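1. Just to be clear, the model below is a prediction. Sequence and coordinates:
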Amino acid sequence: MKIVPIALAGLVLAAAPLRADEVTETMERARDAYAQRNLAVVAEELGFALAAVARLRYQEYVVLFPKAPSGWVLEDPRDDGTQSAMSAQAMGVGLIVDREYTQQNGEGRIRARLSVDSPLVQAMGAMVSNPTMLQAYTRRIRIGRDNAMVKQEPGSQQIELTLVRGNTLVQLESEGVAQPDLLIELAKGFDLSKTQRR
């Protein structure tokens, strides 16, 4: 299983900082337009409101990634969340946040992805919980109370770890890492309590 980059869907918003009251203001404009039965404006404003909420969610989730282990660096996000959040929303795959860990004095790299409210979460959850669905060289592990699986072919320094909790999926994919212990410790560090539906 590879972490496939999401193609941009052509929905672009301004990269200016998101105002705390932007959602409220946009919803009020939509309400006023609805009172006037201007449904085209209602649809437009609601679209901007959804985009603003997606950005806010992205900003909340991007900080849930654990700190880099000793000798590693957690790279900054590649954007402010606008493109990532809107691309995921446009494709109906929930919200996806990607970050990367790089080894300071080596060639190790760990690509980390947090997916929330994606249809993929349910599919991966079923796979993690059913031993008959596991692929070759894949084993199920427990990380706290969560189900997870680790895939590593013999002698390979490419490891994949998948963890599922409720509506959230964590995927870690490494290169230049000999043992899965590092990925397991990283997976333990995600604060997934903040992604769960309330």
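-> Sure, I can see it.

2. and Leu169, what helix or strand is that in?
-> strand 168-175 (DSSP states H and E).

3. In terms of secondary structure, what does the helix or strand just after that strand contact?
-> As assigned by DSSP H and E, the chain's next helix or strand after strand 168-175 is helix 181-188. Helix 181-188 sits against strand 109-116, strand 138-143, strand 146-151, strand 158-165, strand 168-175, with contacts defined as 3 or more CB pairs under 8 Å, 6 or more residues apart in numbering; DSSP states H and E. The C-beta positions use only the backbone N, C-alpha and C, and glycine is treated the same way.

4. Relative to Asp146, how far out is Leu161?
-> 11 Å (CB to CB, to the nearest Å).

5. Same check on Arg140?
-> 11 Å.

6. who's more crowded, these two?
-> The neighbour count for Arg140 versus Asp146, taken as other CB atoms under 10 Å, is higher for Asp146 (18 against 14).

7. picking that back up, and the helices and strands packed on helix 181-188 as JSON lines, adding mean pLDDT and distance to Phe190?
-> Shown next, in JSON lines, are these (pLDDT from 0 to 100; distance: least, CB to CB, whole Å):
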{"stretch": "strand 109-116", "mean pLDDT": "94", "distance to Phe190": "7"}
{"stretch": "strand 138-143", "mean pLDDT": "93", "distance to Phe190": "9"}
{"stretch": "strand 146-151", "mean pLDDT": "94", "distance to Phe190": "10"}
{"stretch": "strand 158-165", "mean pLDDT": "96", "distance to Phe190": "8"}
{"stretch": "strand 168-175", "mean pLDDT": "96", "distance to Phe190": "6"}
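
8. Now do the phi/psi pair for Asp76.
-> Per-residue torsions, Asp76: phi -70, psi 150 (degrees, to the nearest 10).

9. for this structure, which residue is closest to the average position?
-> By CA atoms, centre = their mean, the chain has its centre lying nearest to Leu114, at 2.5 Å.

10. Only C-alpha atoms, please: export the helix of greatest length in the chain in PDB.
-> The residue-count maximum for a helix in the chain (DSSP state H) belongs to helix 39-61. Output of helix 39-61 as PDB, limited to C-alpha atoms (Å, rounded to 0.1, in the frame of the first residue of the first chain):
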ATOM      1  CA  LEU A  39     -29.900  30.600  -4.400                       C
ATOM      2  CA  ALA A  40     -26.900  31.000  -6.700                       C
ATOM      3  CA  VAL A  41     -25.300  33.300  -4.100                       C
ATOM      4  CA  VAL A  42     -26.300  31.000  -1.300                       C
ATOM      5  CA  ALA A  43     -24.500  28.100  -3.000                       C
ATOM      6  CA  GLU A  44     -21.400  30.200  -3.600                       C
ATOM      7  CA  GLU A  45     -21.200  31.500   0.000                       C
ATOM      8  CA  LEU A  46     -21.800  28.000   1.500                       C
ATOM      9  CA  GLY A  47     -19.000  26.700  -0.700                       C
ATOM     10  CA  PHE A  48     -16.600  29.400   0.700                       C
ATOM     11  CA  ALA A  49     -17.800  28.500   4.300                       C
ATOM     12  CA  LEU A  50     -17.000  24.800   3.700                       C
ATOM     13  CA  ALA A  51     -13.600  25.800   2.400                       C
ATOM     14  CA  ALA A  52     -13.000  27.900   5.400                       C
ATOM     15  CA  VAL A  53     -14.000  25.100   7.800                       C
ATOM     16  CA  ALA A  54     -11.800  22.700   5.900                       C
ATOM     17  CA  ARG A  55      -8.800  25.100   6.400                       C
ATOM     18  CA  LEU A  56      -9.600  25.400  10.100                       C
ATOM     19  CA  ARG A  57      -9.700  21.700  10.500                       C
ATOM     20  CA  TYR A  58      -6.400  21.300   8.600                       C
ATOM     21  CA  GLN A  59      -4.800  23.800  10.900                       C
ATOM     22  CA  GLU A  60      -6.000  21.900  14.000                       C
ATOM     23  CA  TYR A  61      -4.800  18.500  12.700                       C
END
